[in-house]
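# structural data only, the sequence is not supplied:
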Ligand SMILES: Nc1ncnc2c1ncn2[C@@H]1O[C@H](COP(=O)(O)OP(=O)(O)O)[C@@H](O)[C@H]1O
Ligand SMILES: [Mg+2]
């Protein structure tokens, strides 16, 4: 398993993938810089979190999940890498799990970078005290956990299709409705693609999306259930795939 | 045939059905330790499909595969540890250098890092080692592919058309490279090709596959026997000449065009000519014709001209 990780690291450490990690945090930084009311005495942490994470959680996080998954499969598809890996003495389950973990690590890096941007913004306001660590942690970690099912489905699609465009198309089609679904009390809670948003944006927030007034357990059930389903389907497919 | 030697690879009734038809049909391969096994067949015969199954990349529809005496279904990882392969076209990561490509595979295999320099020098890529592979020529990529296959000190090397798409100089280079391997490292090699001439000089055993079925499997020497020459006879009336020769008990062959003798010893030839002249046939030419191995191969696989 460790060997497998070190081999994967070799392939992604010099990849364009790293540029993408910075995209969403930078855009969020602009939102934070220009969107917040200036001149207040205390930095409005929760408001800044809402403002900076709304676009990130609604679109960038789900889209990036798909793009990361597609990218780490792309060089295997184009260069015939699957044959080389699977003809090496490693089990297919190992290969699949490692690919999945890498997608999740890239997402963790993205979340961490956004958190750092938010903290820098707040600190530049001089608000070293009163950082709402609990809220921040639950928002960033929650948003990351909510990406598990998305990563599982996108990895499945990326492994299955040779083309780079196909997984991205699936990704966009599933993510775009977020803007509508998030407002729906009926569908919002059950759409895995909305979960990062539900998890990241503070619950007492002023935007008042329809799906927000649901018990945490329901949301957790949706995330865990869809993750298990997508992961098992993808992994079973990969285990049997002829390459 | 090295029948008393240890079998490194053995398939039994290996079959793969794709889209309803058998692409590989009841193939029984037998490869002994130290063999250089030329796996021949025209394009689309099922070579790559067979090789994929040997490596566990695709599952057989039916039949068994044993490598090093182990069943691939039960001990795939143990087998793959001792097998190096290059299937169809070389695998590589374009954005990495040759060394980095080898390093990514080396980490999976867990062999010492010094092995990278060794295999690079075997395929003579040491000078290009620090260049991104996307700028490599096809021949260099093939050589890198062979280097990758050699990385884990394999006991069995499986090379699927390693010279495909190369120019004659590149083909020659790869051939020299492969010929030099078994002496230096004691490996058993399975090498596929659609050209007999390409493996003829290095193979010790030959398996010929056509439309999914293995139609020949024996030593290259035995194939050469079959290619022994015949005597072509140019006569005025080949058909009646053929009947005459047969009636005299001579081994004549007539393919509705050319008349020939399938034995080439002096007595047979002399007697045939005497008989023909005796019966007033005009004998224009008596010439020896050595069938090339290639033409035997073409005849066997039923494919004309270019493969
Ligand atoms: N996925 C597939 N579905 C249906 N037929 C296939 C598939 N893959 C290969 N074939 C067919 O199998 C035959 C053998 O292919 P292959 O093993 O690549 O031949 P070779 O390597 O000898 O050129 C070909 O006729 C090809 O068209
Ligand atoms: Mg082939």
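Yep, it's here. What you are looking at is a predicted structure, and each value in this text was computed from that prediction instead of being measured. Ligands and ions are numbered 1, 2, ... in the order given.
# look up phi and psi at the residue most central in space within chain B.
Against the mean C-alpha coordinate of chain B, by C-alpha atoms, centre = their mean, the closest residue is residue B:38 at 2.7 Å. Main-chain torsions, residue B:38, degrees, to the nearest 10: phi -90, psi 120.
# same deal with residue B:269?
Torsion angles, degrees, to the nearest 10, at residue B:269: phi -60, psi -50.
# state the three-state secondary structure for the residue nearest to it when sequence neighbours are not counted.
Nearest residue to residue B:269 in three dimensions, chain neighbours excluded: residue B:231, at 5.6 Å (C-beta to C-beta, 6 or more residues apart in numbering or on different chains). Just so you know, the C-beta spots here come from the backbone N, C-alpha and C atoms, and that holds for glycine as well. Following DSSP: H, G, I helix; E, B strand; the rest coil, the label given to residue B:231 is strand.
# run a quick neighbour tally on residue B:231.
By other C-beta atoms under 10 Å in any protein chain shown, 22 other residues sit near residue B:231.
# go ahead and confirm it touches residue B:258.
No - using C-beta atoms under 8 Å as the test, residue B:231 is too far from residue B:258 to be in contact (10.9 Å).
# count of residues packed around residue B:82?
17.
# state the pLDDT value of the closest residue in space to it that isn't next to it in sequence.
Nearest residue to residue B:82, sequence neighbours excluded (C-beta to C-beta, 6+ apart): residue B:155, at 4.5 Å. pLDDT, residue B:155: 93.
# which residues touch residue B:155?
B:8, B:68, B:82, B:83, B:186, B:187, B:188 (C-beta atoms under 8 Å, 6 or more residues apart in numbering or on different chains).
# again with residue B:244
Neighbours of residue B:244 in contact, by C-beta under 8 Å, 6+ apart: B:275, B:276, B:279, B:281.
# again with residue A:55
A:24, A:27, A:28, A:31.
# wait, does the longest strand along chain B contact ligand 1?
The residue-count maximum for a strand in chain B (DSSP state E) belongs to strand B:7-18. Yes - on the criterion C-beta under 6 Å from any ligand atom, strand B:7-18 is in touch with ligand 1 at residue B:18.
# contact partners of the helix or strand following that strand?
Heading C-terminal from strand B:7-18, the first helix or strand you meet, by DSSP states H and E, is strand B:21-27. Contact with strand B:21-27 is made by B:11, B:13-17, B:46, B:49-50, B:53, B:60-61, B:63, B:209, B:211-214, as judged by C-beta under 8 Å, 6+ apart.
# what do you get for stretch A:99-114?
With C-beta under 8 Å, 6+ apart, stretch A:99-114 has contacts from A:5, A:8, A:12, A:17, A:21-22, A:24-25, A:28, A:52-53, A:56, A:61, A:64-65, A:68-69, A:72-73, A:140-141, A:143-144, A:147-148, A:151-152, A:154-155, A:159, A:231.
# which strand residues bridge the residue nearest to the centre of chain B?
residue B:191, residue B:206 (DSSP bridges).
# what about stretch A:156-175, near chain B?
No - against chain B, stretch A:156-175 shows no contacts by C-beta under 8 Å from any C-beta of the partner chain, the least distance being 14.0 Å.
# between the contacts of residue A:55, which sits nearest ligand 2?
residue A:24 (44.0 Å; C-beta to the ion).
# which intervals of chain B have sub-threshold pLDDT?
Residue ranges of chain B with pLDDT under 70: B:1-4, B:182-185, B:227-228, B:291, B:303-307.
# for residue 88, list the residues it contacts.
Since no chain was named, I'll use chain A. So residue A:88 contacts B:80, B:105, B:108, B:109 (C-beta under 8 Å, 6+ apart).
# wait, chain B
A:80, A:83, B:48, B:160, B:161, B:164.
# do residue B:159 as well
Here residue B:159 is in contact with B:85, B:86, B:146, B:149, B:178, B:189, B:190, B:191, B:192 (C-beta under 8 Å, 6+ apart).
# closest to residue B:99 out of these?
Of all the contacts of residue B:159, residue B:99 sits closest to residue B:146, with 15.5 Å by C-beta to C-beta.
# for residue B:61, grab phi and psi.
phi -70, psi -40.
# would residue B:159 count as being in a strand?
Yes - using three-state DSSP, the assignment for residue B:159 is a strand.
# quick one on the thing from earlier: now, of the contacts of residue B:159, which are buried?
B:85, B:86, B:146, B:149, B:178, B:189, B:190, B:191, B:192 (16 or more other C-beta atoms under 10 Å in any protein chain shown).
# columns distance to residue B:290 on top of those, output as a markdown table?
Converted to a markdown table, the buried ones among the contacts of residue B:159 look like this (distance: C-beta to C-beta, whole Å):
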| residue | distance to residue B:290 |
| --- | --- |
| B:85 | 36 |
| B:86 | 34 |
| B:146 | 33 |
| B:149 | 36 |
| B:178 | 26 |
| B:189 | 28 |
| B:190 | 29 |
| B:191 | 25 |
| B:192 | 26 |
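# please consider this matter closed, and thank you.
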